[in-house]
Every structure is written in C-alpha cells, then in structure tokens.
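Engineer: model the structure of this input:
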Amino acid sequence: MMSASLRQSVMLGLASLVMLTPAWAQEAATTGGDAGDLNGKAQQTLQSAQDTATAAAAAIDQNAQAQEIAGGVLAPIYQLAEAFSFPAFHWVAFCIMTVGVVSFALQLTLGKLVVLTRGGFSLSEILSDAVGLIVSLVGLVLTTQAATQNSTFTQSSFSVLSSAGVGVVLGLIFYLWGQRIELQATKGRRVERVEERAAEVRT
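Structural biologist: Numbering: from 1, shown residues only. Got it, this is the predicted structure:
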C-alpha cells in the first residue's frame with residue numbers, strides 16, 4: 001500500500017501540475033499571438049515598401065528628364081553594340097566569358113578546398129570569386145543572346161566550339177595562376193600570425 005507521505009507527495013505534484021497547466025497554455029498562446037502579430041506587421045511593411053517602390057518607378061518612367069538621362073546612358077552602349085555586331089567580336093566575347101566561368105567556378109570549388117587543406121580561409125575571396133562567377137555567367141548568356149540576334153556566330157559550329165575550347169583552356173590556366181596567388185597569400189597571412197604571436201610573447 002502507498003504510504004501517507006508518498007500519497008501526499010503525489011497529490012501535491014498533481015495539484016501543482018493542474019495549477020501550472022493553464023499558465024503554460026496562456027504563455028504559449030501569448031507567444032503564438034506575438035509571433036502572429038510580428039508576422040502580420042512584417043507583411044504589412046513589405047507590402048508598403050513594394051507599393052512605394054512601384055509608385056516611385058512609375059513616376060520615374062513618366063518623367064521626361066529621367067527618360068532623357070536614361071537615353072543618354074544607353075545611346076553610347078547602343079552605338080558600341082552596333083559597331084561590334086560582327087562574328088569575330090562575339091567569338092572573342094564568348095571566349096572571355098567562358099574563361100571567367102571556368103576559372104571562377106574552379107576557384108570556388110577546387111581552389112577553396114586546396115586552401116582549406118593548407119589551413120587558410122578568406123570570406124572576402126570567396127565572395128569575390130562568387131561575384132566573378134555570377135558576372136561571367138550573366139555575360140555568357142547575354143553574349144550568346146546578342147550573337148544570336150546580331151551575327152552568324154552561333155550558326156557556325158566551328159566558331160562556337162573553337163571559342164569554347166580556347167576559353168576552357170585559358171580558364172584552367174587562369175585558375176592555376178589564381179590558386180598559386182591565393183596559396184601565397186594564405187602562407188603570408190600564416191607567417192604574419194606567427195610573427196604577431198611571437199611579438200606578443202616577447203612583450
């Protein structure tokens with residue numbers, strides 16, 4: 001049989017649980033309500049920002065001075081595009097963009113793995129390589145689109161394959177060159193850290 005003291009302890013525990021359960025439920029409801037309020041306020045703020053941006057864009061599009069400035073910015077670019085709308089230019093541009101895609105992609109993957117094995121890590125270099133890769137990819141897409149619309153570059157299989165092949169080879173060379181520079185920088189930073197620690201020990 002359960003002793004009187006044990007029965008009293010169990011009853012006291014059950015009573016405490018019954019008393020605390022409404023408090024827990026109320027706290028959870030309050031927390032959920034606060035989260036819902038924050039979510040609603042965030043959505044309202046985002047919608048307000050979108051409406052403001054849309055109204056500002058519409059006002060700028062209807063502004064004559066803004067249209068004149070935009071035309072002045074685009075005019076020289078259009079002139080250059082018309083002057084360079086021949087297959088040889090698109091061959092060179094496609095090759096350069098391929099170089100960037102290959103070199104930055106390898107630098108972000110294999111290059112960073114090699115640096116990590118040497119005990120180095122640089123967030124700024126990772127971001128720089130990522131930006132370079134994105135720019136190269138966008139440039140490759142735009143170059144292909146422009147070549148398709150304005151020249152016969154994409155209609156020649158030899159032109160496309162030769163440009164891509166030269167770009168891949170040069171991309172590998174630039175990757176190896178960039179990796180060597182990054183490893184030298186990693187070694188230099190490691191030496192600087194050792195010298196700083198030695199200076200701290202001497203002081």
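Engineer: domain parsing for the protein?
Structural biologist: Structural domains annotated on the chain: 1-62, 75-202, as defined by automatic domain parsing.
Engineer: looking at those, which is closest to E68?
Structural biologist: Comparison of those against E68 by Cβ to Cβ identifies domain 75-202 as nearest, at 10.5 Å. Where you see a C-beta, it was placed from the backbone N, CA and C, and this is true even at glycine.
Engineer: where exactly do the helices run in this protein?
Structural biologist: Per DSSP state H, the chain carries helices over the ranges 4-61, 64-83, 87-106, 112-117, 123-150, 157-202.
Engineer: would you mind finding the most buried of those helices?
Structural biologist: Mean neighbours per residue, mean count of other Cβ atoms under 10 Å, is largest over the helices of the chain for helix 87-106, with a mean of 21.
Engineer: what helices or strands is that helix leaning on?
Structural biologist: Judged by 3 or more Cβ pairs under 8 Å, 6 or more residues apart in numbering; DSSP states H and E, helix 87-106 is in contact with helix 123-150, helix 157-202.
Engineer: where does pLDDT dip in the protein?
Structural biologist: Residue ranges of the chain with pLDDT under 70: 1-36, 203.
Engineer: tell me who's in contact with the most centrally placed residue in it.
Structural biologist: Geometric centre of the chain, nearest residue: A130, 6.6 Å, by Cα atoms, centre = their mean. Listed by Cβ atoms under 8 Å, 6 or more residues apart in numbering, the contact set of A130 reads F104, L108.
Engineer: that older thread, for the domains of the chain, please prepare JSON lines with the additional fields distance to E68.
Structural biologist: As requested, those are exported to JSON lines (distance: least, Cβ to Cβ, whole Å):
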{"stretch": "domain 1-62", "distance to E68": "12"}
{"stretch": "domain 75-202", "distance to E68": "10"}
